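# Need a 3D model of the following:
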Amino acid sequence: MVRIPSLSRRTEPTRPADDPPPIGGTTATATGTADAAEADTTRSDTTRAGVTDPATRPSPPGPRPEPPNREGGDPRPAPPPTPAGPRPRASLLATVSVITGITGALFVLSGPLAPYGIAIGVIALATGLGGISATARRHIAGRTEALTGIVVALGTMIVGSLALTGALSWLTTETDMVQQVRQWLDSQFAGIF
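Residues are numbered from 1 along each chain as shown. Below is the predicted model:
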């Protein structure tokens with residue numbers, strides 16, 4: 001066996017004087033072979049402190065592990081991953097918040113239904129806040145949906161209030177945006193349909 005000197009600061013293991021010499025009576029080192037007396041000082045069973053070297057420590061009783069394959073990996077298949085817990089479920093309040101927020105925005109943008117859109121926006125805001133508090137519990141997802149519902153609800157209420165007060169010239173309660181969009185679409189696609 002060729003002995004390569006270690007570059008670590010770990011002390012070289014020694015063998016107590018009363019242990020028998022290694023098998024064969026000599027040990028191969030980087031400088032050649034040594035006799036049994038010299039092998040006593042280079043045996044790697046114990047360190048100077050008396051602690052067993054992990055490389056030569058006897059294996060525990062039981063089945064012996066298989067050696068690694070040539071690629072260096074473990075030949076045994078890896079155990080399947082264990083689930084961390086139940087799959088997160090979406091918050092119903094967060095989903096309702098997004099749906100009612102978009103519905104309220106469509107009502108506000110229609111013009112004559114702006115007051116109803118504001119009321120739906122208030123409902124969307126309340127369900128969005130409930131969705132945020134529900135997602136604080138474990139295994140309940142939907143925080144982004146709840147935040148989206150809150151933002152859309154606030155926008156719906158602001159635009160609806162501006163439409164009711166007449167601050168927006170293009171959107172009032174007398175303006176029928178649905179009829180205007182339909183007339184615009186008819187003029188654009190008159191020859192197709």
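# For this protein, give me the ranges with low pLDDT.
Per-residue confidence for the chain (pLDDT under 70) gives these ranges: 1, 5-62, 64-75, 83-84, 193.
# Provide a complete list of residue ranges assigned to helices in this protein.
Here the chain has its helices, by DSSP state H, at 36-42, 92-110, 114-134, 143-165, 177-188.
# and the angle from the longest one to helix 114-134?
By that I understand helix 143-165. Orientation check (axes from the mean of the first three to the mean of the last three C-alpha atoms, to 10 degrees): helix 143-165 against helix 114-134 gives 160 degrees.
# The residue nearest to Gly121 when sequence neighbours are not counted: how many residues sit nearby?
Leaving aside its sequence neighbours, Gly121 sits nearest to Thr156 (C-beta to C-beta, 6 or more residues apart in numbering; 3.6 Å). Just so you know, the C-beta spots here come from the backbone N, C-alpha and C atoms, and that holds for glycine as well. Using other C-beta atoms under 10 Å, Thr156 is surrounded by 29 other residues.
# need the contact list for Thr156.
Each residue near Thr156 by C-beta atoms under 8 Å, 6 or more residues apart in numbering is listed here: 101, 104-105, 108, 117-118, 120-121, 124.
# One more pass at 10 Å, please.
For Thr156, the contacting residues are 100-109, 114, 117-122, 124-125, by C-beta atoms under 10 Å, 6 or more residues apart in numbering.
# One more: Ser91?
Taking C-beta under 10 Å, 6+ apart as the test, what Ser91 contacts is 97, 127, 130-137, 140-143, 145-146.
# Done for today, thanks.
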